[in-house]
Each structure stands twice: as C-alpha cells, then as structure tokens.
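S.K.: What follows is a predicted protein model with its sequence.
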Amino acid sequence: MEEARSSPPTSSTTAAANTERKQEMSAMSRMKKECLSFAVSLQEGFCYLKATIVGQGMKLVARNEKEASEADLQTAKMQVEAADAAEDSKKRLDKSN
C-alpha cells in the first residue's frame with residue numbers, strides 16, 4: 001500500500017499566503033478605520049446640530065439682548081467643543097493604526 005503524503009508547503013507558497021493574509025488584514029483594518037472615522041463625523045454633526053437647536057431655544061426664551069448674546073456664545077462654544085472632540089477622536093484613530 002502506498003501512502004499519500006502531502007508535500008510540505010514551499011517557501012514561495014507560504015510567502016504568497018502570508019502576503020495575501022497581510023493584504024486582507026490591511027484592507028480590513030483600513031475599512032474599520034474608515035468606518036470609525038465616519039461614525040466620529042456623524043457624532044460631530046449631531047453634536048453640532050444639538051448645539052444649534054439648544055442655542056436657538058435659548059435665544060427664543062431670552063428676555064433681553066444680554067441673554068440672547070449669551071445664547072449665541074454658548075452655541076458657538078458647544079459647536080467648537082464638538083469639533084474639537086471629533087478632531088481628537090480622529091487623531092487617536094490615526095495613531096492607533
């Protein structure tokens with residue numbers, strides 16, 4: 001009886017398989033990074049929208065010019081904080097990959 005033996009993989013097939021695996025992982029990690037970046041951008045947009053709505057509400061109930069200008073400042077502050085938070089998150093994503 002003859003035993004069927006499989007030949008050990010050659011170094012070229014092993015190297016090709018490793019290269020293919022690395023490309024797959026790099027494509028997957030790139031896709032993951034892009035999806036996370038998109039999620040951060042959506043979160044920034046929602047925070048920006050929230051700031052605008054809250055600011056408009058504060059402006060509507062303002063009793064005088066001082067309160068209205070404070071509402072505008074608060075809106076601007078919230079929008080800047082949303083942009084800063086998104087920028088920090090994206091920088092952390094870039095560093096991690």
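M.R.: Structure's in. What do you need? Numbers count the residues shown, from 1 in each chain.
S.K.: center of this protein - which residue?
M.R.: The centre of the chain sits closest to residue 37, judged by Cα atoms, centre = their mean, with a distance of 2.2 Å.
S.K.: same question for the host helix or strand of it, mean pLDDT?
M.R.: Taking DSSP states H and E as the definition, residue 37 sits inside helix 11-60. Averaging the model's pLDDT scores along helix 11-60 yields 85.
S.K.: Centre of the chain to it, how far?
M.R.: Its chain's average C-alpha position is 4 Å from that of helix 11-60, according to Cα atoms, centre = their mean, to the nearest Å.
S.K.: Output the contacting helices and strands for it.
M.R.: Here helix 11-60 touches helix 65-96, going by 3 or more Cβ pairs under 8 Å, 6 or more residues apart in numbering; DSSP states H and E. Yep, even glycine has a C-beta here, placed from its N, CA and C like the rest.
S.K.: Does anything pack onto the helix it packs on? Which helices or strands?
M.R.: So helix 65-96, by 3+ Cβ pairs under 8 Å, 6+ apart, packs with helix 11-60.
S.K.: any idea of the angle the helix it packs on forms with helix 65-96?
M.R.: 170 degrees (axes from the mean of the first three to the mean of the last three Cα atoms, to 10 degrees).
S.K.: Show me what counts as buried in stretch 70-82.
M.R.: Residues of stretch 70-82 classed as buried by neighbour count (16 or more other Cβ atoms under 10 Å): 71, 75, 78, 79, 82.
S.K.: scratch that, stretch 28-43
M.R.: Quick answer for stretch 28-43 (16+ other Cβ under 10 Å): 36, 40.
S.K.: All set now, cheers.
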